[in-house]
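K.L.:
Structure for this input, please:
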Amino acid sequence: MRIVVRIFGLTIIGVLVSITIIHTFSINIHLDELEKISSLAMSNTQIVMQEAIEDRLFGTNNARRKIESDEEYIALYKDNLNKLIGTESEYRIADYYVDYYKGLIYVDVICEYKTLFKETKYLEKKLINIIDVIE
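P.N.:
Residues are numbered from 1 along each chain as shown. All right, here's what the predicted structure looks like:
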């Protein structure tokens, strides 16, 4: 009987340790994804925006995409962000400020995901970036 109790106790401890490790990995995966995709989306957006600003300043026609309003600018960031999502998380932009003429963008990205126990968790990252084009 003692052996059965010990085996049962060790099994319960093993299951609890496994759940804790899985939960920790889950948090790290979502945090890492938020960091990487929000930064990569910002970088991709700013490259396209820099081309648009250089076209406007230098009179060239090299830009991949014409951006002529703040709405198009934030829509480009949202498109770039949505293309990079790899987990079953929901990303939304809670707050933003853009100025397409200056190449300024600020975003507050929130990641919403469910844990092992179906609890909803939120992660948040704020990014700001400006394009510096020298005439």
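K.L.:
for the longest helix anywhere in the chain, packing partners?
P.N.:
Across the chain, the helix with the greatest residue count (assigned by DSSP state H) is helix 2-58. Here helix 2-58 touches helix 70-84, strand 104-114, strand 120-130, going by 3 or more Cβ pairs under 8 Å, 6 or more residues apart in numbering; DSSP states H and E. Bear in mind the C-beta positions are built from the backbone N, C-alpha and C, glycine included.
K.L.:
Quick one: mean pLDDT over that helix.
P.N.:
Helix 2-58 comes out with an average pLDDT of 91.
K.L.:
about what we covered before: so which of the helices and strands packed on helix 2-58 is the most surrounded?
P.N.:
strand 104-114 (a mean of 18; mean count of other Cβ atoms under 10 Å).
K.L.:
Could you list the residues in contact with that one?
P.N.:
26, 30, 33-34, 38, 42, 45-46, 49, 73-74, 77, 81, 87-99, 120-131 (Cβ atoms under 8 Å, 6 or more residues apart in numbering).
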